[in-house]
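Student: return atomic coordinates for the entry below.
(one chain, ligands or ions: 1)
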Amino acid sequence: MKLFDVYSKFDINITRGLGCHVWDAYGKEYLDLYGGHAVISIGHSHPAYIKALTEQLARLGFYSNAVQNPLQEHLAEKLGEASGYADYSLFLINTGAEANENAIKIAALHNRRTRIISFAKSFHGRTAAAARVTDNPNFIIAPNANMQVIFLPLNRPEQVEQEMRKGDISSIIIEGIQGVGGIHIPTDEFLRDLRSLCTKYDVCMIVDEIQSGYGRSGKFFAHQYSGIRPDLITVAKGMGNGFPIGGVLISPMFKPENGSLGSTFGGNHLACAAAISVLDVMKSENLVANAANVGQRIINSLHDLPNIKEIRGKGLMIGLEMETPVKDFRRILLHSENVFTGVAGSNIVRLLPPLSLSEAEADDALQRLAQAASAASAS
Ligand SMILES: Cc1ncc(COP(=O)(O)O)c(C=O)c1O
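Tutor: Below you'll find the model as predicted:
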């Protein structure tokens, strides 16, 4: 059997990782400023994480949601404490797209309305509803074409209110910081306006923190810079440091109804062990503060690179928009400087390293970025 070929891939086979570094099958070492797409939060192969997962696997890998699983409650308690949402409830699933599917569903079950507001350049996943609220016309296909979604520009509250006045908006969904769209940040004022509009018009506010959450922005959630509290918050990626797990944090205004949501694998024993270990390491190593400090150190220095149009981001979620396409720059970075990065569109490089990136590793990264940028501008 062949693989269904849907990904564009580098011709590199990563076989080992440690901290912020990975190695290919030939033993070549790379600095990982991509974190496997913002997934690696506490670093590759963290010893505490390996211990937690192997011990859990030796006890029990999986049993279904038909039985008690105290690990889920343990995880919810730790996540409530780490995030400042101790009064919210947690529903566990496996991926980011699933988290958004469920958040949209919880909102629709709550107010029984039909329309959703999403935003220009948004990305929320590839399953039916998550794809439909993603700002990409290619994602509209038969199974989701009938969903009613309107895309509005970021930071224009008057346009949001105009739609909400019609009375049929169920939810709005917005990323804490837009990732795939190129590191665009809703202003704090806009988030506060959205919060009050949602309350005024009884619309559920969903903040997608799948990429920007779990400490990446230098706060536990990116929206916490604005001081708002959304009704639903979706998480995945960094939550399991590579073990698939996602969640929806649900405000107390929603009342659970037996059978309304469910998942075979969601919240399984191994996934919970991974997510608990991630929160323990984040706390003991102070990784949210580290992301804030090291991220700011990088952002301050990136302005010195040649050919930069704009630097955007918070913490360790950083976008470098260049004046020209970044293809050569990223090729040189990967093959000559041994640095993995992410991309958005043609002109934006995304940096999403593990939250454990040290100051020394950041300085090393900056040096490699500078070398690649001058090589790319000379070529
Ligand atoms: C903001 C955001 N939401 C949702 C998703 C979808 O997550 P997953 O690929 O785990 O379904 C992503 C993935 O990149 C994302 O960045």
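Student: contacting residues around Tyr30?
Tutor: Tyr30 sits next to 14, 21-24, 334, 338-340 when contact means Cβ atoms under 8 Å, 6 or more residues apart in numbering. The C-beta positions use only the backbone N, C-alpha and C, and glycine is treated the same way.
Student: tell me what it is bridged to.
Tutor: Val22 (DSSP bridges).
Student: Glu73 versus that one, what's the distance?
Tutor: 39 Å (Cβ to Cβ, to the nearest Å).
Student: out of the contacts of Tyr30, which end up buried?
Tutor: Among the contacts of Tyr30, those scoring as buried are 14, 21-22, 24, 334, 338-340 (criterion: 16 or more other Cβ atoms under 10 Å).
Student: between those residues, which sits nearest Asp193?
Tutor: Phe340 (37.2 Å; Cβ to Cβ).
Student: residues near Asp364, how many?
Tutor: 16 (other Cβ atoms under 10 Å).
Student: mind checking which helix or strand it is in?
Tutor: Assigned by DSSP states H and E, Asp364 belongs to helix 359-378.
Student: likewise Ile298?
Tutor: Counting by DSSP H and E, Ile298 is found in helix 287-302.
Student: give me the distance from that helix to the chain's centre.
Tutor: Per Cα atoms, centre = their mean, to the nearest Å, the displacement of helix 287-302 from the mean C-alpha position of its chain is 17 Å.
Student: quick one, domains of the protein?
Tutor: With domains defined by automatic domain parsing, the chain comprises 14-46+286-378, 47-284.
Student: closest one to the ligand among these?
Tutor: domain 47-284 (2.3 Å; Cβ to the nearest ligand atom).
Student: briefly note if that closest one comes near the ligand.
Tutor: Yes: residues of domain 47-284 are located near the ligand by Cβ under 6 Å from any ligand atom, namely 95-97, 100, 123-125, 175, 179-180, 208, 210-211, 236.
Student: what's around the residue lying closest to Asp202 once chain neighbours are set aside, how many residues?
Tutor: Nearest non-adjacent residue to Asp202, counting by Cβ to Cβ, 6 or more residues apart in numbering: Asn111, 6.1 Å away. Around Asn111 there are 15 other residues, counting by other Cβ under 10 Å.
Student: next: Ala82.
Tutor: 18.
Student: you'd agree it is in a strand?
Tutor: No: Ala82: not assigned to a strand; according to DSSP: H, G, I helix; E, B strand; the rest coil it is helix.
Student: quick check: phi and psi on His184?
Tutor: Note on His184: its backbone torsions stand at phi -110, psi 130 [degrees, to the nearest 10].
Student: now render the domains of the chain as CSV, adding distance to Lys2 and mean pLDDT.
Tutor: Shown next, in CSV, are the domains of the chain (distance: least, Cβ to Cβ, whole Å; pLDDT from 0 to 100):
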stretch, distance to Lys2, mean pLDDT
domain 14-46+286-378, 21, 97
domain 47-284, 21, 98
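Student: export these as a markdown table, with columns for distance to Tyr7.
Tutor: As requested, the domains of the chain are exported to a markdown table (distance: least, Cβ to Cβ, whole Å):
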| stretch | distance to Tyr7 |
| --- | --- |
| domain 14-46+286-378 | 11 |
| domain 47-284 | 12 |
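Student: quick revisit: output the helix holding Asp364 as PDB, restricted to C-alpha atoms.
Tutor: Presented in PDB, the C-alpha positions along helix 359-378 are these (Å, rounded to 0.1, in the frame of the first residue of the first chain):
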ATOM      1  CA  GLU A 359      18.900  32.400  25.900                       C
ATOM      2  CA  ALA A 360      22.100  30.800  24.600                       C
ATOM      3  CA  GLU A 361      20.100  28.800  22.100                       C
ATOM      4  CA  ALA A 362      18.200  31.900  21.100                       C
ATOM      5  CA  ASP A 363      21.500  33.700  20.500                       C
ATOM      6  CA  ASP A 364      22.700  30.800  18.400                       C
ATOM      7  CA  ALA A 365      19.400  30.900  16.500                       C
ATOM      8  CA  LEU A 366      19.800  34.600  15.800                       C
ATOM      9  CA  GLN A 367      23.300  34.100  14.500                       C
ATOM     10  CA  ARG A 368      22.200  31.400  12.100                       C
ATOM     11  CA  LEU A 369      19.200  33.500  11.000                       C
ATOM     12  CA  ALA A 370      21.500  36.500  10.300                       C
ATOM     13  CA  GLN A 371      24.000  34.300   8.300                       C
ATOM     14  CA  ALA A 372      21.100  32.800   6.300                       C
ATOM     15  CA  ALA A 373      19.500  36.200   5.700                       C
ATOM     16  CA  SER A 374      22.700  37.800   4.400                       C
ATOM     17  CA  ALA A 375      23.500  34.700   2.200                       C
ATOM     18  CA  ALA A 376      19.900  34.800   0.800                       C
ATOM     19  CA  SER A 377      20.100  38.600   0.100                       C
ATOM     20  CA  ALA A 378      23.500  38.100  -1.600                       C
END
